[in-house]
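Student: No letters, just coordinates:
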């Protein structure tokens, strides 16, 4: 194992770094996500969620999907995480730690059990599927120009619908959260 | 209908004019560069008291006669005087010790008001900070004694007035002594002349 | 001679790497060394710019107020940053007892990282981009989003109500101003047809009539978008008049209240480096990047032009700081959502018209109208909305 | 590296998200769990795009872009609802929001 590692290291260091460039952020992603899920302090959970979003973005970039990675960072870190944090601050920041813990009571335990059953089933399918054993193909890239062409060509209707959805969500969120006038 | 944002542009123009102007017109910059340039103090500026002496020798020209009025009048009691005595133990009209604790002094100038011999006056020296907490904030006699010409340099009007008063006093006393001497004719010429010379002090 | 000056930094780097290569250093180590040298140079240049600005800003502000400014440390006060640095390092690093110490500790680090990362994609000169990215502008904004997290962490970790208030204001402000910022930047990408900063710079090359530079800021839509970008850049880098997250007079410095010593210095540094990065982006997007303003001025190396333009934009930011008072928080947010956002959409539309009307006189008139009419209408609505009437005091007199 | 590793990572991430969404009683934690699950789905899309025979077909990437957009809309509306609920019942615990009359 160690000798193998050293051999790869000396033979082609760049290749090794390239592989770890995916694995390391993925490990950070899983650890941060796990910590975010079990954390009692909501703010810590939100910050760890932000970290896992960043790690996910780096995984995307490492896999060659630069554009998506940057969009992930921009939207999730810049907007979604901040909106979550903001709503935590707006809803009783003094009772942060009173949230019920994982695995206390029957219903949460059942939830965790369902989640792990799903995980076991998924892992079973993944490791038994012949498709998933495929080796990594040559590095692929998604040039921004091609993505732009696709967005404005084949997928233009989806893009417009997304725009309408976002506008509706913006207006809807503003209306829902608006202070009711007595 | 006004053009929006014109106010901001106007404000920017004002600050730009100030910025450029401070390099062109020197009198825009009113700040004094303190250690290099000193402020020209107004004549009425006062900091702490000092003792005036006449002539060149501080010891002989001292106006103070150790009457201790200032010591008694001083509200924070920061003046400390011991009268000098000669070998025989007889009091001399001169202080042996004259200390002013300027960490206590409040610059009220009452000592100046009460001094009948025009001896104690207010200084203008304001650079009195020191690293020594106890020693250098107590001004002793050598530090306090400053010449009449120094007094003239800091408070010219007041010093001239004081000199005029002393001179008038002296003239009056001389005239009185002369009149007395003329009236009393012979009997005690020696004692009268000696007493007048003692009172008038050094010119 | 001229061409050698133009590429002098790159030549020096290549010479040094060639020297190392002649000693038999393997190629991949050379690649790492070259990257480290580039990173070190950029960080060095920007940190010394920060040091210079920290004293120049105070001097400029002083001059505006008819004072001298710092002039005691060294000639013209130029050693002031060293004195400040020594002061900051030797200060005690205080952490409040009730603070969320790990968040409190990490905040300055998280603040510094995006500020340095965004420097990677700015074209500093002809063929001088540290990281040539296809989606460079997107990278700039994606990484820049980390600043908000850092500000929030600082505010929350301090466990101080003023800090949390400052952090909440900062987040509200940054999210609000991010939208017009990104939209006005995207306008330039739309016209030049690329998200890569160097492509946008080269799209602004050349001169109309032989002497008028074709910078985007010199077109109606580009001027509008540039102005919006500039205003949002002021807000994003927390500079006056948008500095209420750290308003000293109301929030005792907001999220910075509980920071002292080197952590405070790190925040300060990150803020200034971020300001320079966004100035660099502004220059890249709207002021022609490293292009010379007149054809015959090409003899001056391109990176000098870039540096000069960045310094000029930074100077105007200081100038604005010296002029305008701080906004109120509701005015600030209303300004972003009700004025800047519609105006950035107008700039967007105007740029599209400019492109399709052939970039000629007709395009000028059309795009000017599309930008100008909403500006006048919105601006007048705003000035009427916020105009101050004469106050009457009921119980005085 | 094979596709298996990426798919396993994404499955574990999905399980974490599911566990959070099902077992936490705080509404904000449920939103966090949903975001994690969406992230896992996005990771799957990117992984399949990366290992596909024809990477110039950008369906995977475009789907992720749309999914991120939808997630942003969902987060905005969801958190607005949470703030509204908090304003009504002074709590963000989902168990407390048991009254249909609002």
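Tutor: Received the coordinates, thanks. Please read all numbers here as calculations on a predicted model, not as lab measurements. Numbering: from 1, shown residues only, chains lettered A, B, ... in the order given.
Student: Leaving out sequence neighbours, find the closest residue to residue C:322.
Tutor: Once flanking residues are discounted, residue C:322 sits nearest to residue C:64: 4.1 Å by CB to CB, 6 or more residues apart in numbering or on different chains. Quick note: C-beta positions are derived from backbone N, CA and C, even for glycine.
Student: The residue nearest to residue B:102 when sequence neighbours are not counted and chain A: what is the separation?
Tutor: Sequence neighbours aside, residue B:48 is the residue nearest to residue B:102 in space, at 4.9 Å (criterion: CB to CB, 6+ apart). From residue B:48 across to chain A, the span is 58 Å (CB to the nearest CB, to the nearest Å).
Student: Now do the phi/psi pair for residue B:48.
Tutor: phi -130, psi 160 (degrees, to the nearest 10).
Student: Can you give me the neighbour number for it?
Tutor: 19 (other CB atoms under 10 Å in any protein chain shown).
Student: Next up, the contacts around it.
Tutor: By CB atoms under 8 Å, 6 or more residues apart in numbering or on different chains, the contact list for residue B:48 reads B:100, B:102, B:105, B:107, B:122-123, B:125, B:128, B:139.
Student: now do 7 Å
Tutor: Residues in contact with residue B:48 (CB atoms under 7 Å, 6 or more residues apart in numbering or on different chains) are B:100, B:102, B:105, B:107, B:123.
Student: Who are the contact partners of the closest residue in space to the third one that isn't next to it in sequence?
Tutor: The shortest distance from residue B:105 to any residue that is not its chain neighbour, by CB to CB, 6+ apart, is 4.6 Å, and that residue is residue B:78. Contacts here follow CB under 7 Å, 6+ apart; on that basis residue B:78 touches B:100-101, B:104-105.
Student: go on, residue C:150?
Tutor: C:107, C:110-111.
Student: Can you spell out which helices and strands pack onto the helix ranked longest in chain B?
Tutor: With secondary structure taken from DSSP state H, chain B has its longest helix at helix B:156-184. When contacts are defined as 3 or more CB pairs under 7 Å, 6 or more residues apart in numbering or on different chains; DSSP states H and E, helix B:156-184 sits against helix B:189-200.
Student: ok, which stretches of chain D are helices?
Tutor: D:3-23, D:27-50, D:59-89.
Student: next one: the first one to chain centre, how far?
Tutor: If I follow you right, that is helix D:3-23. 11 Å (CA atoms, centre = their mean, to the nearest Å).
Student: Also the second one?
Tutor: Centroid separation between helix D:27-50 and its chain, computed with CA atoms, centre = their mean, is 5 Å.
Student: now that helix: mean pLDDT?
Tutor: Helix D:27-50 comes out with an average pLDDT of 87.
Student: quick one: is it near chain A?
Tutor: Yes. Using CB under 7 Å from any CB of the partner chain, helix D:27-50 reaches chain A at D:28-29, D:31-33, D:35-36, D:39, D:43, D:46, D:49-50.
Student: Would you reformat the residues you listed as TSV and include neighbour count and distance to chain C?
Tutor: Converted to TSV, those look like this (neighbours: other CB atoms under 10 Å in any protein chain shown; distance: CB to the nearest CB, whole Å):
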residue	neighbour count	distance to chain C
D:28	22	15
D:29	28	17
D:31	25	17
D:32	30	15
D:33	25	20
D:35	26	15
D:36	29	17
D:39	30	16
D:43	25	17
D:46	26	15
D:49	24	17
D:50	24	17
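Student: near chain A at all, the helix or strand where residue C:139 lies?
Tutor: Element membership of residue C:139 [criterion: DSSP states H and E] is helix C:136-144. Yes. Using CB under 7 Å from any CB, helix C:136-144 reaches chain A at C:138-139, C:141-143.
Student: now, which of the residues you listed sits nearest chain B?
Tutor: Nearest to chain B out of those is residue C:141 (CB to the nearest CB; 26.2 Å).
Student: Next, count neighbours for the closest one.
Tutor: 20.
Student: I appreciate the help and will end here.
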